[in-house]
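Trainee: Make a model of this:
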Amino acid sequence: MEERMEDSSTSVKLYQMVEQKLSGVGETLPCTLSAMAAYSTEERGNIDYLHFMNLDNESFLEAIYMCAFNAVPPQEYLDLWREDMETLSRESFQKKFMNSFVQRVDFSSRHVRLRNCFCLDVPDFVPGILCKNRIRQQLYLRLKPLYLRLPDRTRKLLKRYLWKFFFAN
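Mentor: Residues are numbered from 1 along each chain as shown. Reported below is the predicted structural model:
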């Protein structure tokens, strides 16, 4: 069982209370206490890597997933990463996971703000090789901050018309 955190926040107390009730009937919560604590302090739609980087591998994956999708990761997703969580160091796992996670189409479509994530690999643009996907990615990364500042109605209209350009294969 995970070590108890000395924290008086409501979410931690609630987690501990529910965990105690579930353990009485042989059940467990679908995420760790560390993941729940990190998730409860992060603003929805924002992921600041600095708030998560000291978590153990499983809590890191769960907290990032919950912040991006506002849901607990399915067991199949955890199983997919289980070997890496158990064998890689924290830094290696976080780098591998984040580089994979940000390439998910469903992550891009949620317009989650990722800040201070220095573990991401940002491949340099190779001069002379004009790759349609690379150009789209660069354009998307430059336009996304502007897009996020627009009113919701304007964002919905742009999303309807530009969705295929940015997210179609």
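Trainee: Could you check stretch 70-86 and say which residues are buried?
Mentor: With burial defined by 16 or more other CB atoms under 10 Å, the residues of stretch 70-86 counted as buried are 72-73, 78, 81, 85. C-betas here are computed from N, CA, C, even on glycine.
Trainee: Pull the distance from it to the chain's centre.
Mentor: 12 Å (CA atoms, centre = their mean, to the nearest Å).
Trainee: Just the buried residues of stretch 70-86: which are in strands?
Mentor: Of the buried residues of stretch 70-86, none are assigned to strands by DSSP state E.
Trainee: Filter the residues you listed down to the ones in helices?
Mentor: 78, 81, 85 (DSSP state H).
Trainee: Tell me who's in contact with the most centrally placed residue in the chain.
Mentor: Among the residues of the chain, the one closest to the centroid is residue 64, at 3.2 Å (CA atoms, centre = their mean). For residue 64, the contact set (CB atoms under 8 Å, 6 or more residues apart in numbering) comprises 47, 52, 97-98, 101.
Trainee: in the chain, which spans are strands?
Mentor: 46-48, 113-115.
Trainee: Buried deepest among these, which one?
Mentor: Of all those, strand 46-48 has the most neighbours on average by mean count of other CB atoms under 10 Å, namely a mean of 17.
Trainee: Can you give the contact residues for that one?
Mentor: Against strand 46-48 from outside (CB under 8 Å, 6+ apart): 42, 64, 67-68, 112-117.
Trainee: can you rerun that using 6 Å?
Mentor: Strand 46-48 is contacted from outside by 67, 112-116, using CB atoms under 6 Å, 6 or more residues apart in numbering.
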